[in-house]
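Undergrad: dropping the sequence and predicted coords here.
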Amino acid sequence: MLRTQASWRRLVFVILIIASLALLTVTFRESDSGPVHAIQQAGASLVTPLQAWGAKVAKPFQDGYKWLKTLWSAHQRAERLEKELQVLQGRAIALEEAAEENERLRALLALREEGVYPDGTDFEVANVVGKSPTRWQAWVLIDKGSQDGVRVGLPVVGATPLAGETLAGKGLVGKVIEVTAHTAKVQLIIDPESGVSARIQGPRAEGIVEGSVSGKLVMDYVDRDIPVEPKLVVVTSGYGGVYPAGIPIGIVAAVGEEDVNIYKEIEVEPFVDFRVLEQVMVLLLPETPAGQEASH
Amino acid sequence: MVIARLRAVGKALLLLVVAVVLQTVLISHVSVLGVTADLFLILTVAVAMARGPLYGAVFGFIAGLGADIAFLEPLGMRSLILVLVGYAVGAVGERLGVLSPWAVFLLAGGSSFVGQFFYALFQFVIGPRAGFFTVVGIQMFPGALLDGLVTLPVYWLLIRLRVLSTPHAESKGTSGGGGE
């Protein structure tokens, strides 16, 4: 009897392994319109309302948790800000430069009015209803899908200004990589697979802003001969066909050089705080004649 | 017998719905040590410890499908991992008999580490750039620790709420808990 049970268990185990491998193989081999993808899309459509409803229920608890966290760190933060204030006061001589930078930031704020985005670009504000559970990927699920005009390849920017008239929360978030009727998956720019053609304002240095498993944003392929200073603003260059030029990404946090590397390695501090991403804005760019944006 | 099985299936489905909602809505927003707990894996481990390798593997398969659908991941990826985890944890738990809290913690943490290792291998195949030791340090080890710690109260709660029976009671009540 025990022997029969053990054999039965092993048989079921092997069947499940084969079924998983078969599903995995079919998922990768078939096209996006194949039956397995269709089943997954249908399943996701069922799960989405559940996620959206759950997000609403969980919101007060999340806000409470964030409030507690803020309270916990408020004292330390106050001390740190005090020190920072003293340092800043000692830098009065740099006021003129700061004023210039302020002008530049204000110009970036008026991205929409100044026609940075192509003619016909529309905007769709979406709530974040899910996040990637591991560091291997960095993505979020949003509650807007193909029925709202969202399609694969569209750029997504932040929609949660955090500090008044600054760019905080308003920078580039990522791009849509999968869409169902009422939901979409957005690959964040901090995803290890993400690469964004970018330009540093000022020296006009160009390179690729890449994500990493550690969550850091690094700008690579910037020529070592070009002088790059911290605090400069990094924006999209428009190359690659996914992101329009001029979307703010972040500021230069640190500049590294290695003897063996012909490029600088620049750490970029994003304008968007990806840990507290709650709302984003999908840029509904006008469709290209081919029907899709070029892959990046 | 049939009613008992239907009840078990109902409980398993309920657990899955709860897992999808909690994981996507709540747990993925709360990071500890820079990582978030994996409720699908935790529930698979809990079911496997309570019901043995067969139930562990079947639950792992369905939980994996649920996770793949909820996260829009390649279908079958997490199923494969959770089937392996469910079967292995069930087999080990069956040999150990009644599980102490330490055994629950170590089984859950260990299986989380192994599960993440397989997931990491898969990710290496499909592309992301990452050093192995970086991933061990910032994802796999903290993730295993967190999953181990979260499994303790979850397992205890599921036993207390009679969603799952203790391995001891199961081996007395049915013939499903026999060793191989």
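TA: Yes, it's here.

Undergrad: show me the shaky parts of chain A.
TA: Scanning chain A for pLDDT under 70 picks out A:1-3, A:89-94, A:96-117, A:159-169, A:259-260, A:288-296.

Undergrad: spatially central, which residue of it would that be?
TA: Residue closest to the average C-alpha location in chain A (C-alpha atoms, centre = their mean): residue A:188, at 2.5 Å.

Undergrad: distance of that residue from chain B?
TA: 13 Å (C-beta to the nearest C-beta, to the nearest Å). Where you see a C-beta, it was placed from the backbone N, CA and C, and this is true even at glycine.

Undergrad: does residue A:197 sit in a helix, a strand or a coil?
TA: strand (DSSP: H, G, I helix; E, B strand; the rest coil).

Undergrad: do residue B:65 as well
TA: Quick answer, by three-state DSSP: residue B:65 is helix.

Undergrad: wait, residue A:126 touches residue A:145, no?
TA: No. Counting by C-beta atoms under 8 Å, residue A:145 is not a contact partner of residue A:126; they are 9.2 Å apart.

Undergrad: common neighbours of those two, please.
TA: Counting by C-beta atoms under 8 Å, 6 or more residues apart in numbering or on different chains, the contacts common to residue A:126 and residue A:145 are residue A:184.

Undergrad: quickly find the element holding the nearest residue to residue B:151 once chain neighbours are set aside.
TA: Counting by C-beta to C-beta, 6 or more residues apart in numbering or on different chains, residue B:151 lies nearest to residue B:108, which is 3.5 Å off, once chain neighbours are set aside. Using DSSP states H and E, residue B:108 falls within helix B:101-126.

Undergrad: what helices and strands are in contact with that helix?
TA: Counting by 3 or more C-beta pairs under 8 Å, 6 or more residues apart in numbering or on different chains; DSSP states H and E, the packing neighbours recorded for helix B:101-126 are helix B:39-51, helix B:77-96, helix B:141-160.

Undergrad: quick one: average confidence on it?
TA: Regarding helix B:101-126, the rounded mean pLDDT is 85.

Undergrad: orientation of it relative to helix B:39-51 in degrees?
TA: Angle of helix B:101-126 versus helix B:39-51, following axes from the mean of the first three to the mean of the last three C-alpha atoms, to 10 degrees, is 140 degrees.

Undergrad: now helix B:101-126: buried residues?
TA: Going by neighbour count (16 or more other C-beta atoms under 10 Å in any protein chain shown), the buried part of helix B:101-126 is B:104-105, B:107-120, B:122-123.

Undergrad: chain center to that helix, what's the gap?
TA: Taking C-alpha atoms, centre = their mean, to the nearest Å, one finds the center of helix B:101-126 at 10 Å from the center of the full chain.

Undergrad: show me where the stretch 51-200 of chain A has its strands.
TA: A:122-131, A:139-142, A:155-158, A:172-179, A:184-188, A:195-200 (DSSP state E, counting those that start in this stretch).

Undergrad: what about the ones you listed, which gets the closest to residue B:146?
TA: strand A:122-131 (15.6 Å; C-beta to C-beta).

Undergrad: separation between the residue nearest to the centre of chain A and residue A:156?
TA: 9 Å (C-beta to C-beta, to the nearest Å).

Undergrad: who touches stretch A:185-195?
TA: Residues contacting stretch A:185-195 (C-beta under 8 Å, 6+ apart): A:136-142, A:156, A:172-179, A:196, A:208-213, A:215-217, A:249, A:270, A:274, A:280, A:296, B:72, B:127-130.

Undergrad: got the strands of the stretch 51-200 of chain A as TSV, with distance to residue A:48 columns?
TA: TSV is the format used below for the strands of the stretch 51-200 of chain A (distance: least, C-beta to C-beta, whole Å):
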stretch	distance to residue A:48
strand A:122-131	7
strand A:139-142	8
strand A:155-158	17
strand A:172-179	12
strand A:184-188	10
strand A:195-200	28
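
Undergrad: right, and the ones you listed - which one's nearest residue B:90?
TA: Nearest of these (C-beta to C-beta): strand A:122-131, 29.3 Å.

Undergrad: the closest one and chain B, are they touching?
TA: Yes. Judged by C-beta under 8 Å from any C-beta of the partner chain, strand A:122-131 and chain B are in contact via A:129, A:130, A:131.

Undergrad: how about the contacts made by the first one?
TA: Put plainly, it is residue A:129. A:48, A:51, A:52, A:54, A:55, A:141, A:142, A:143, A:183, B:24, B:25.

Undergrad: between those, which is closest to residue A:30?
TA: The closest of those, once distances to residue A:30 are taken by C-beta to C-beta, is residue A:183, at 21.0 Å.

Undergrad: for the closest one, list the residues it contacts.
TA: Taking C-beta under 8 Å, 6+ apart, one finds A:44, A:45, A:48, A:51, A:129, A:141, A:142, A:143, A:144, A:145 in contact with residue A:183.
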